[in-house]
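> How does the following fold in three dimensions:
(one chain, ligands or ions: 1)
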Amino acid sequence: MNLWADFLTNDGRLIHKWKHYFPIYERHFRDFVHKPVTMLEIGCGLGGSLQMWKRYLGPHATIIGIDILPECKAYEEDQIEVRIGPQQDTQFLQGLVDEFGPPDIVLDDGSHMMSHVVRTFEYLYPRTARNGVYMVEDLHTAYWEEYEGGFRRLGTFIERCKTLLDELNADHTRDALPATEFTKSTLGMHFYDSVAVFERGRHTKKWAPGIGRET
Ligand SMILES: C[S@@+](CC[C@H](N)C(=O)[O-])C[C@H]1O[C@@H](n2cnc3c(N)ncnc32)[C@H](O)[C@@H]1O
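Sure thing, here's the model as predicted:
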């Protein structure tokens, strides 16, 4: 299924997405299509994106939406669950993991307040499935003060990403930076206009020189 075409022809609930996100979604979510996966979308809006993920990911997927607005409960239907709570509340997040297991996909489209985005990531990323994907969208807010953002302002998610890039490469820093759980559980980081994507996965042995031979 072409997600962009689905968006253009949507006659269900309203979806609130920027156009250029669609190729990014397809690139990073395509391996999950028709698998029995759990996707957690933070921020339900008017409910349309939850339905779009259900159509895209197929009949075996469970879509969980979270929001602070109790009226979002009305978006529940077959394959779509909604839980009401603030994304920055780690007890609430733990409750979701306890109820549904580690999510395979996390998409943060919630408050976009920098302290919330960072706190949610720090808590949920290690609890995302071993081969899962964690995506944060609308990161233009990291530059806007009304979202606790600002250019090179300490504490924004963009600034956190810059330190995570060093953590990704910690094994090569000649002990300047010890490897972290992030180092061990992350295969890649991808950046686009307003979007950051983290691809989880464990390395077996990174260093394998020679021709088809490990040393
Ligand atoms: C941009 S809308 C989501 C749009 C939706 N994902 C879509 O694509 O159509 C953001 C949503 O986040 C919710 N929200 C705001 N602050 C939140 C918080 N602290 N925790 C969870 N959800 C929050 C808002 O109520 C709103 O429904």
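> Strands of this structure, start to end?
In chain order, the chain shows strands spanning 38-42, 62-67, 80-84, 105-108, 133-136, 186-192, 195-200, with DSSP state E as the criterion.
> list the contacts for residue 175?
By C-beta atoms under 8 Å, 6 or more residues apart in numbering, the contact set of residue 175 is empty. Glycine gets a C-beta too; all of them are placed from N, C-alpha and C.
> The ligand contacts on the chain?
Taking C-beta under 6 Å from any ligand atom as the measure of proximity, the chain contacts the ligand at 15-17, 41-45, 48-49, 66-69, 86-88, 109-111, 116.
> Output the strands of the chain in a markdown table, with mean pLDDT appended to each entry.
Compiled in a markdown table, these are given as follows (pLDDT from 0 to 100):
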| stretch | mean pLDDT |
| --- | --- |
| strand 38-42 | 98 |
| strand 62-67 | 98 |
| strand 80-84 | 98 |
| strand 105-108 | 98 |
| strand 133-136 | 98 |
| strand 186-192 | 98 |
| strand 195-200 | 98 |
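> hmm, who's touching stretch 11-28?
The contact list for stretch 11-28, computed with C-beta under 8 Å, 6+ apart, reads 2-4, 7, 45-52, 56, 75, 133, 135, 137-138, 190, 192-195, 197, 199.
> switch the cut-off to 6 Å
For stretch 11-28, the external contacting residues (C-beta atoms under 6 Å, 6 or more residues apart in numbering) are 3-4, 45-49, 51-52, 133, 192, 195, 197.
> got the buried residues for that stretch?
The neighbour-count check on stretch 11-28 (16 or more other C-beta atoms under 10 Å) flags 13, 15, 17, 21, 22, 24, 25, 28 as buried.
> Number of residues surrounding residue 199?
Neighbour count for residue 199, taken as other C-beta atoms under 10 Å: 15.
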